[in-house]
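> I need the structure of the sequence given here:
(chains A and B)
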Amino acid sequence: MKKVVIFDEYNEIDFKPSKLLHRYFQLAESDIIKFFIKGQKMINSVCPGCKGKKALSSFQKFGMNYVECATCRTLYVTPRPDDISLQEFYTRSEARKFWHGELTKATRRKRKEKIIKPRIQWIVDSTREYLPDSEHIVDINTNQYGYVEELLEDKFFRKKTLINLFLPFNNLKFDPSINIINIPTWKVSLEERVDVVTIFEVVNHMADVDMLFEKIHALLKGNGLCFMTAILISGFDLQILWEKSENLFPPDRLNVFSVEGLYSLFDRHGFECLEFSTPGILDVEIVTNAIERNSKIRVPRFVDYLLKNRSEAVKKSFQEFLQEGLLSSYGRILIRRK
Amino acid sequence: MGEIREKVIKENPRLELVGIIDTDPSVREKITGSEAYDSLEKLFEKDIDIIFVCTPNVYSPEICIKSMNKGIHVFCEKPPGRNMEDVRKIIKAENNQVKLMFGFNHRFHPGISKAKVVVDSGRLGKIINIRGLYGKSGGKNYGDSWRNKKEIAGGGILLDQGIHVLDLFRYFCGDFEYVKSFINNSFWKFDVEDNAYVILKNKKGHNAFFHSSATMWNHTFKIEITLEEGYIIVDGLLSKTGSYGREKLVIGKRQFEDEASAIGNPEEEVTYFDRDLSWNLEVEEFIKCIAQDKKVTISSSKDALKVMEIIEKAYRNAREE
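Alright, predicted model coming up:
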């Protein structure tokens, strides 16, 4: 197993312009009522990480209940909409239209440079290292055009398949060798098993994560690789800000796994973890900005002291410590089918 | 080393441990879970496919040669002998019926494997130079070890431990034709060196520098590769005792002076590794070569000969100086 620590330069505002984000939240809140609360069946859930049944009630957001698993401390929404209602939300809601139209556009350049390109490099390097003869890569439900564009540019993989219900691909020029599948993940079956599957920011908003991992297991060859990213509740900013965090909102964050919760999930579905990193850069800055913006937010005395009385260099070291200790809220993980 | 090999063999479902040879009766008494033998000849009476040679350097060539003559595949620990003459003898016995591989397990360490992927991808450009530092502190009974007796080992710290780093230099850069060095034994005062300082150059224009030491009180393993567009550092090495520290890989990209905020302090990606599968992976590679009748291309007899050539040049140059 390995973990990666990254020292890079960017700010919260580069990826989360607060005006646009607040507009997205407003739209999401009204869409949630429209799509889920009114008339749709909500399902009770056990912990999506360790399957623990005991959970502690935590808080409500946009009318949905967040609970914390008493065993692995994963935070999750229950009751929750099923994947069919979520599919409706992600394809038809005003919030998602705004996300793809405005929010993504505003942050596109920076995301491409700082997130997407290094991500492709990570996939190619790790595949060269662990499964060098790989040919076929499948992405499931990315919500980033930029990622699709970069993946299309890549020359390492000979075959590429995109399973995606949420992004309209009309504007992209596709190589004929690219296979696009516009059906729900649970219905997908491919003619041959594949070498690599990617799921970026997908596990946080799936109603049935077990179904997703069963599907990935079925799609992959033996020793096949799965690359993923996820927002983790074990991260500093989420633990400190908890319900006040702008990064915890339904339905995008139905499952906010702890490190331990994800390990249980991988183990249950026959995956071995090759890399577990939390290379987040922004935890400390997010907490600093949150308490500056909202004087009602109370943080532990030590954190308040650190943020108000120590230099940027010390804060940077603290962020590096969080990365090393798997305590940042952005997780990047590589697992292998056993 | 024999204990590590025994563990790896037992962990591998494709291998069955037939027996262990040790000439010392007190060691044989402690062997459990497999047969113990006092001679190679007695083991040869059994139906064996592979032999792992984990003996002091002076004995390795004879065991390798006898085994290959019997049609047995050979995996031999490093160093491949005391000198080039030993290696040449082994190579003479190598034939089409058997596979021969040497135990340069550092090539399979996770930090090195990842560094190799990045170098070979070419995204940081060509290698400009490479620096290495590998050292340990010896210990209370260090003087009693066969590793420090010239007639048994053939050389000191450079041959025993430093050979790994020189092998890695070749792994990254290819052969080195020019070798300069200083060696001394001023602290331990054995009849073999306790420090070696080696400077290398090759026809491709790569320069390299290596310090191999038995007086490094803080155990250290470090390789720094400077490339046209960035740098790679492998620092620390996963080991049984953990004395070489956490194994980490640093990758940094060059930033020029016009990027004012980043002069001399570029963004880096640091990977920490917590599992060393190098022993298992190299044996797996060896088994693959046997099972698929594939030529040994990693840690081959050619690699062994070429790295011994560098070491002999270093010893010779130091004597001339």
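> Can you list the helices and strands that the helix or strand residue B:305 falls within packs against?
In this assignment (DSSP states H and E), residue B:305 forms part of helix B:301-320. For helix B:301-320, the packing partners by 3 or more CB pairs under 8 Å, 6 or more residues apart in numbering or on different chains; DSSP states H and E come out as helix B:84-93, strand B:100-103, helix B:163-173, strand B:178-184, strand B:195-201. For the C-beta atoms, the positions are set from N, CA and C on the backbone; glycine is no exception.
> what's the most buried one of these?
The highest mean neighbour count among these, using mean count of other CB atoms under 10 Å in any protein chain shown, belongs to strand B:100-103: a mean of 26.
> Would you confirm that residue A:200 contacts residue A:119?
Yes: Residue A:200 is in contact with residue A:119 according to CB atoms under 8 Å; the separation is 7.3 Å.
> Give the intersection of the neighbour lists for these two.
Counting by CB atoms under 8 Å, 6 or more residues apart in numbering or on different chains, the contacts common to residue A:200 and residue A:119 are A:147, A:229.
> can you pull the contacts of the one residue in the stretch 1-150 of chain B that gets nearest to chain A?
Nearest residue of the stretch 1-150 of chain B to chain A: residue B:117, at 4.8 Å (CB to the nearest CB). By CB under 8 Å, 6+ apart, the contact list for residue B:117 reads A:125, A:128, A:129.
> Can you give me every residue that contacts residue B:112?
B:106, B:168, B:171, B:223, B:234.
> Could you dump the residues you listed into CSV and include distance to residue A:286 and pLDDT?
Shown next, in CSV, are these (distance: CB to CB, whole Å; pLDDT from 0 to 100):
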residue, distance to residue A:286, pLDDT
B:106, 41, 96
B:168, 41, 98
B:171, 43, 97
B:223, 37, 98
B:234, 33, 98
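> can you give me the strands for the stretch 151-300 of chain A?
For the stretch 151-300 of chain A, the strands defined by DSSP state E, counting those that start in this stretch cover A:159-163, A:178-181, A:194-200, A:220-231, A:255-256, A:271-277.
> sorry, that was for the stretch 151-300 of chain B
Using DSSP E, counting those that start in this stretch, strands in the stretch 151-300 of chain B cover B:178-184, B:195-201, B:207-213, B:220-227, B:230-235, B:247-253, B:268-273.
> The last one to strand B:230-235, inter-axis angle?
The one in question is strand B:268-273. Relative orientation of strand B:268-273 and strand B:230-235, computed by axes from the mean of the first three to the mean of the last three CA atoms, to 10 degrees: 30 degrees.
> mind listing what strand B:268-273 pairs with, with the direction of each?
strand A:2-7 (antiparallel), strand B:247-253 (antiparallel) (DSSP bridges).
> Which of those has the lowest mean pLDDT?
Least confidently modelled of the strands paired with strand B:268-273 is strand A:2-7, at a mean of 68 by mean pLDDT.
> thinking again about what came up before, reformat the contacts of residue B:112 as TSV; add distance to chain A.
As requested, the contacts of residue B:112 are exported to TSV (distance: CB to the nearest CB, whole Å):
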residue	distance to chain A
B:106	16
B:168	17
B:171	15
B:223	17
B:234	13
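> and which of these is nearest to residue A:208?
residue B:234 (42.1 Å; CB to CB).
> Kindly confirm whether my reading is correct that that closest one touches residue B:111.
Yes: between residue B:234 and residue B:111 there is a contact under CB under 8 Å: 4.1 Å.
> any residues in contact with both of the two?
B:247, B:248, B:249.
> so where do the helices sit in chain A?
A:12-15, A:18-32, A:83-92, A:94-98, A:104-111, A:117-130, A:145-153, A:209-219, A:236-241, A:259-268, A:283-293, A:301-309, A:312-324 (DSSP state H).
> So which of the ones you listed is nearest residue A:274?
Nearest of the helices of chain A (CB to CB): helix A:117-130, 6.5 Å.
> How about residues contacting that closest one?
With CB under 8 Å, 6+ apart as the test, helix A:117-130 has contacts from A:6, A:134, A:137, A:147, A:150-151, A:154, A:156-157, A:195-196, A:198, A:200, A:223, A:225, A:227, A:229, A:274-275, A:332, A:334, A:336, B:113-114, B:117-118, B:120-121, B:123.
> Save the contacts of residue B:117 as CSV, and put in neighbour count and pLDDT too.
CSV is the format used below for the contacts of residue B:117 (neighbours: other CB atoms under 10 Å in any protein chain shown; pLDDT from 0 to 100):
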residue, neighbour count, pLDDT
A:125, 17, 89
A:128, 19, 91
A:129, 17, 87
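> how about JSON lines for these, with distance to residue B:154 added?
Below are those laid out as JSON lines (distance: CB to CB, whole Å):
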{"residue": "A:125", "distance to residue B:154": "39"}
{"residue": "A:128", "distance to residue B:154": "37"}
{"residue": "A:129", "distance to residue B:154": "35"}
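> Let me know the closest of the residues you listed to residue A:247.
When those are compared for distance to residue A:247 (CB to CB), residue A:125 wins out at 28.0 Å.
> so residue A:247 sits right up against residue A:240, yeah?
No: with contacts counted by CB under 8 Å, residue A:247 stays clear of residue A:240, the gap being 11.5 Å.
> Counting neighbours around each, name which of these two comes out higher.
residue A:240 (23 against 20; other CB atoms under 10 Å in any protein chain shown).
> My guess is the more buried one contacts residue A:299. True?
Yes: the pair residue A:240 / residue A:299 is scored as a contact, 5.4 Å apart, by CB under 8 Å.
> joint contacts of these two?
residue A:287.
> Show me where the chain dips below the pLDDT cut-off.
Here I'm looking at chain A. Chain A contains residues with pLDDT under 70 at A:1-3, A:5-15, A:37-40, A:170-174.
> Chain B was what I was after
For chain B (pLDDT under 70), the answer is B:256-263.
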